[in-house]
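Colleague: Quick one: sequence and predicted model below, then my questions.
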Amino acid sequence: MASAVGSTASTAAAPFWRSAGMTYVAYANVCASMLRSCLKEPYKSVAISREKVHYTVTKWVEGKPEKPVARDLPSQD
């Protein structure tokens, strides 16, 4: 009897995003995107501008770094 209750409790405690086959990061991205789409101007354009991701790539040759290259992730529109 205790094993039946334990298995039900562990299944019930699983987060719904995991039950849907999503990772937490994917779930958080969906939530953030939905929130940004609900905002009114001018807040919407400000939030969308903060969504952009910038990063640098540094190539290493023979143990020494070359000049870093700045990149942007393409928009997912």
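Modeller: Now that the structure is in, tell me what you want to look at.

Colleague: in what helix or strand does residue 47 lie?
Modeller: Following DSSP states H and E, one finds residue 47 within helix 43-50.

Colleague: Which strands or helices does the following helix or strand past that helix pack on?
Modeller: Tracing the chain C-terminally past helix 43-50 and defining elements by DSSP H and E, one meets strand 54-57 next. Judged by 3 or more CB pairs under 8 Å, 6 or more residues apart in numbering; DSSP states H and E, the packing partners of strand 54-57 are strand 69-72. Bear in mind the C-beta positions are built from the backbone N, C-alpha and C, glycine included.

Colleague: Now for the residue most central in space within the chain: which residues touch it?
Modeller: Residue closest to the average C-alpha location in the chain (CA atoms, centre = their mean): residue 25, at 3.7 Å. Residues near residue 25 by CB atoms under 8 Å, 6 or more residues apart in numbering: none.

Colleague: Low-confidence bits of the chain, can you list those?
Modeller: 1-13, 74-77 (pLDDT under 70).

Colleague: where along it do the strands fall?
Modeller: Along the chain, the segments classed as strands by DSSP state E run 54-57, 60-61, 64-65, 69-72.
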